[in-house]
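1. Fold the following.
(chains A and B)
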Amino acid sequence: MGLKDKLHKLKLKYKGKKMAPAFNAIHTFLYLPNETTHSGSHVRAADDLKRTMNTVIMSLIPCLVFGMFNAGYQHHLALGEIEAVSGGFFSSEFWTLDNLVVGLWEILPLVIVSYGVGLAVEFVFAVIKGHEVEEGYLVTGMLVPLIVPVDTPLWMLAVAVVFGVVIGKEVFGGTGMNILNPALTIRAFLFFAYPTWMSGDKVWVHGAVERANEIAGGAQLDAISGETILGGLAQGKEILAQAASHGKEVTYSIADAFYGFIPGSVGETSAILILLGGLFLIFSKIGSWRIMLSAVLGALAMGLIFNGITNAGWIAESSKFYALMNLEFWQHLIVGGIAFGIVFMATDPVTASQTNKGKWIYGFLIGFISILIRVFNPAYPEGVFLAILLMNVFAPTIDHYVVQGNVKKRMKRLKLKTA
Amino acid sequence: MSKDIRIKKGLDIKLVGEAEKKTATATRSNVYAIKPDDFHGIVPKVIAKQGTEVKAGEPLFHSKSNEKILFPSPVSGEVVEIVRGAKRKILAFKILGDKEQQYVDHGAKDVNAMSGDEVKSHLLASGCWPFIKQRPYDVIANPDVAPKAIFVSAYATAPLAADYDYVLEGKEKELQTAVTALGKLTDGEVHVSVGKNSNSPFTGLNNCTMHNVSGPHPVGNVSVQIAKVDPINKGEVVWTVSPQDLVIIGELLLTGKFNAERTIALAGSSVKNPQYYKTVIGAEVSSVVYDSGVHDEGNIRVISGDVLTGENVKPDGYLGYYHNSITVIPEGDDYEFFGWNKPIFNKISPSRALTFSWLFPNKKYTLNTNTNGEHRAFVVTGTYENVFPLDIYPLQLLKACMVNDLDAMEQLGMYEVAPEDFALTEFICVSKQPHQQIIREGLDLMLKEIG
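-> Alright, predicted model coming up:
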C-alpha cells in the first residue's frame, strides 16, 4: 500500500472531525486532491490557489538569497573586515561563503519564525472555524522576513505576526476577505509598536546595535554606521554618489543601489532582482502589470514634481526636505523599499483594486503617495508601506466608482430606449 | 441590418475526441425519459398518468404556472414509470417506446397565411413551446409577453459541440418555415448568427437578419450576440431558440408531426469512435455511447451536452431535452503527487505559472473531471475579464449574487446573462467557485422577487 492510499484512508478517517482541516492542509500539500466537479463546468483549468501562491514565492526566492548574502556583506563591510565590491553584480567579493553564513544565521530564523508562528495561527483558526487552511499565508510568510530589518528581534517578529494574521486577516474571515495586506500590517505593527527600535539607523546592518551598546558601555571602538540611503538623504547627506566610498563618510554608487549592495530591509535592496521577479510575475500572468506599471509611473511623476520644485528654486538648500526632493526622480525607484512594495505588495489581488481600470488608479496613487511620504516624513523616510496600506483602504472606493461607470452606461442605454 | 460580430476575449478549449463528420442511426432505445428538471423553473402537473399509452407529440405534463405550456412525449408508447424523488418531486417520465411510431396529427399549416396569435397557439398546443426560451432568466418563454426580438445562434463554439452546419444540412425548408413562424411572434426581428465563412444552411433564408460571427468561445453563446446586436434592458424580453429545435418546429408546421428526432454529436476523449448519431430526445445515452465503445469503462463521466454546460447523466442516463451532443470524458477521481507545484504540460491553463499550455496553442487536450484544486474564497482578480466578452464586471456580479443583493444584480447587468456565460470564468477560476450555480441561483432569486 503506497503513501497515496494510506493518506486517502487517513483522510476518510479524519473526515468530519475537528482536526480534518489540519490534516487536509498537509495532505493537499503532498497531493492534489481527488475532488471532481459537481456542478457547472465538468472540466477545470490547471491553476489553483496553491499554484498561484507558489509562483509568487518562486519570484521571491532570488530576493531572499540575495538578502542573505547582503546581510553578511553589510556586516563584514561595516566591521571593516572586507573591502567594498568593485566588480559588477556577480562580483566574487560579494558572493562569498562568509557572507552567506552570516546571512543564513541571521535570516533563516526570521523565515522560520514568520512561517511557524503565522501558519500556527492559520491552523488554529482553520480548526476552530472548521474551514480549510487557505494558502494566503504562504506568500505573507515569505514576504515578512524580506521587509524587516535584519536585526529585528525574533520575539518582536512573532508578536507582530500574530497581530497581523489575527487582526489583519482572520477577523475579516480569512484569505480573500481581508482589507489590509497582512504582511504590511505586520510591518506597520512593528514600526508603530517598537518605533525606537525600528526607525533608528542601527537595525539595518547586523551587529550595529551590539556595537553601539558596547560603545555605550565604554568600549573603544568605531561605531558602525548602518544607516540606509534614505536615512542619509533625510539628514541631508550626499549618500548616493557617482562613485562609492566607504571611508569616514559612507557613500553608495547608483550601481550599488541598483544591484542591491546597500543596507536596508532584508529583501528590498536589490532592484535588479526585484525587477526580474516582477517580470516573471507579469510573464506568468500572476501579478498585475497594470498595478506595477502605473505605480512606477506614479512614483516617477511625484519625483519629477519634486525635481521641478528644487530646480525652480522654490525651496532652500538648507531645508531638511531638500536632499530627498533633489534626488533625481528615477533614482527614487532603486533606493528604499518602493520597488519591492510595488512588485510584491501592491499587487496582492485581495487588497488591491479588483477592476482593471481601478488598478491603474490604485497603482498610480501608490507610487505617487509613496514618494510624497518618503520626502515629507521626517521620522521614517520610507513611505511605500504606508502608501500601500492607505490605498488598500481606498481600493474598494475606487472599484465602486469604476463599477458605477458601468452601471451608468447601462442606465443610459435604458433611458435612450424608453425616451 | 446585418452585422459582423467579432470578439477577442474568450478561450477556445481544444479537447481530444471531436466528432467525425459521418452520421449513423443510433440503435433504438427501449425506454425514453423526459426530465422536468431540464426545463428550469417548471413545476410539472401530470397529464399522462402511469400506464397511459401516448403518441409522439401527446402531452405528458403541463406547467403548474401556465397550463397552456405542454410538454410532449418524444415517442409513442406507454408511460411505464413516473420517477419521483424527495417530497414526491417528479424526476422523470419514462416511456417504453413502440416499435412502430404513432404521431399525433396537428395538421400541416401554411405559415405565411397564419397570424402571430395562430402561430403561438399552434406551438403551445403542439408542445413546441418549451423550445422557446427567454432572456432575462434563461427559462421557458412566457407566451403572454411579446419579445422585442428573437435570437438564434447557429454557430457552436463550445468545446466538442455539434457542428450546426453539418447537423442541419438539408433542413433548409424546415428552418425557413420555423423562422417565418417565429417572425410573426415579435414586432422586432429574428436574428440568426452564423459562423463567418461558414457554409450554414441558414444563409439564404428570408424573414430574418443574418449576422456573421467570429472569435473564440463564447462568441457562439447567444448572450454575446444579443449584447452586440440589441442588448437587453430592464423590462425587455428577448426569446432564443436553438437551431436544432427550429427543425422540429419547422417539421411540425410543414407536416403536422412532432418529430423529436435530432442528429447529435458523440464526442470526448473517452469515446472510441466519436461521430454523429441520429437519435431522439430522451433516448438512453447508452444506445449511442456503447455503440461507439469507450475507453476505460469504469472511469468515465457521461455528459448530456458539452463539457462546460452539460449535465452529468451517468452511463444509464438519457439525452437531455435541449442537448445535441453527448460528451464522454474520464473521471478525475485521483490524487496527483505535488500536483500543485510541478510543471504541467497536459492541462489547459490561462496562466504561465509553470503551466505550459501557452506554448502549444493548437494542442488538443484530454481533460478529466478533477477540479485541480480545492474550493477557496475569491482571491485572484482580473482573469475572468480575459474570457468574458460582455460589458459586465463578472466578479462583482458573482459577488452580488452570492449576497443576494438584488439592486446590485440588476444594475450590474443580470438581465443580460445566462449561467452558460459564466462557464469559461468557472473553468479558469483559481478559487474553483461554482460560477454557473451562483448565477443560476441569482437568476432564480430575481425571477421570484422581481418577476
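2. How far does the lengthiest strand in chain A sit from its chain's centre?
-> Ranked by residue count, the top strand of chain A under DSSP state E comes out as strand A:250-253. Here the centre of strand A:250-253 is set off from its chain's centre by 24 Å, with C-alpha atoms, centre = their mean, to the nearest Å.
3. Count the neighbours of the residue in chain A that chain B sits nearest to for me.
-> In chain A, the residue that lies nearest chain B is A:Asp48 (2.2 Å; C-beta to the nearest C-beta). Just so you know, the C-beta spots here come from the backbone N, C-alpha and C atoms, and that holds for glycine as well. A:Asp48 has 26 neighbours, counted by other C-beta atoms under 10 Å in any protein chain shown.
4. Quick check: closest non-adjacent residue to it.
-> B:Gly373 (2.2 Å; C-beta to C-beta, 6 or more residues apart in numbering or on different chains).
5. cool, and A:Trp289?
-> Per C-beta to C-beta, 6+ apart, closest to A:Trp289 is A:Ile282, 4.5 Å.
6. ok, now B:Asp38?
-> Leaving aside its chain neighbours, B:Asp38 sits nearest to B:Tyr321 (4.1 Å; criterion: C-beta to C-beta, 6+ apart).
7. Isn't the one you found up against B:Pro36?
-> No: with contact defined as C-beta atoms under 8 Å, B:Tyr321 does not count as touching B:Pro36 (9.5 Å).
8. which other residues reach the helix ranked longest in chain B?
-> Secondary structure of chain B per DSSP state H: the longest helix is helix B:435-449. If you take C-beta atoms under 8 Å, 6 or more residues apart in numbering or on different chains as the criterion, helix B:435-449 is touched by A:39-41, B:40-41, B:136-139, B:309, B:394, B:397-398, B:400-402, B:404, B:406, B:409-410, B:414, B:417-423, B:425-426, B:429.
9. got the domain boundaries for chain B?
-> Domain assignment for chain B by automatic domain parsing gives B:3-12+B:107-255, B:20-27+B:263-330, B:31-97, B:371-449.
10. Which of these sits closest to A:Ala126?
-> domain B:371-449 (12.3 Å; C-beta to C-beta).
11. Endpoints of that closest one, how far apart?
-> Using C-alpha to C-alpha, to the nearest Å, the end-to-end distance of domain B:371-449 comes to 33 Å.
12. Spatially, what comes nearest to residue 145 if we skip its sequence neighbours?
-> Reading this off chain A. A:Leu110 (3.8 Å).
13. hmm, I had chain B in mind actually
-> With C-beta to C-beta, 6+ apart, the residue lying closest to B:Val145 is B:Val237, at 5.2 Å.
14. so what's the one you found up against?
-> Applying C-beta under 8 Å, 6+ apart to B:Val237 gives the contacts B:Gln134, B:Arg135, B:Pro136, B:Ala141, B:Asn142, B:Val145, B:Ala146, B:Pro147, B:Lys148.
15. what would the residues you listed look like in JSON lines with secondary structure?
-> Converted to JSON lines, the contacts of B:Val237 look like this (DSSP: H, G, I helix; E, B strand; the rest coil):
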{"residue": "B:Gln134", "secondary structure": "strand"}
{"residue": "B:Arg135", "secondary structure": "strand"}
{"residue": "B:Pro136", "secondary structure": "coil"}
{"residue": "B:Ala141", "secondary structure": "coil"}
{"residue": "B:Asn142", "secondary structure": "coil"}
{"residue": "B:Val145", "secondary structure": "coil"}
{"residue": "B:Ala146", "secondary structure": "coil"}
{"residue": "B:Pro147", "secondary structure": "coil"}
{"residue": "B:Lys148", "secondary structure": "coil"}
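16. Of those, which is the nearest to chain A?
-> Chain A has its nearest neighbour among the contacts of B:Val237 in B:Lys148, at 9.4 Å by C-beta to the nearest C-beta.
17. For the closest residue to that closest one other than its chain neighbours, give me the pLDDT.
-> In space, and not counting its chain neighbours, B:Lys148 is closest to B:Gly188: 4.8 Å by C-beta to C-beta, 6+ apart. pLDDT for B:Gly188: 90.
18. Then A:Gln242?
-> Note for A:Gln242: predicted pLDDT of 67.
19. Ok, A:Tyr115 next?
-> A:Tyr115 carries a pLDDT score of 94 in this model.
20. Quick one: neighbours of it, just the number.
-> 18.
21. Three-state assignment for it, please.
-> A:Tyr115 falls in the helix class when you classify it by three-state DSSP.
22. any idea how far A:Leu138 is from it?
-> 9 Å (C-beta to C-beta, to the nearest Å).
23. How about the contacts made by the residue nearest to B:Asp38?
-> By C-beta under 8 Å, 6+ apart, the residues touching B:Tyr321 are B:Ile34, B:Lys35, B:Asp38, B:Phe39, B:Pro130, B:Ile281, B:Gly282.
24. hmm, try it at 7 Å
-> Neighbouring residues of B:Tyr321 by C-beta atoms under 7 Å, 6 or more residues apart in numbering or on different chains: B:Ile34, B:Asp38, B:Phe39, B:Ile281.
25. repeat for B:Glu78
-> Listed by C-beta under 7 Å, 6+ apart, the contact partners of B:Glu78 are B:Gly51, B:Glu53, B:Ile95, B:Leu96.
26. which one of the residues you listed is nearest B:Met210?
-> Nearest member of those to B:Met210, counting by C-beta to C-beta, is B:Ile95, at 38.1 Å.
27. who's the spatially closest residue to B:Gly320 that is not a sequence neighbour bridged to?
-> Leaving aside its chain neighbours, B:Gly320 sits nearest to B:Ser304 (4.2 Å; criterion: C-beta to C-beta, 6+ apart). For B:Ser304, the beta-bridge partners are B:Glu311, B:Ile326 (DSSP bridges).
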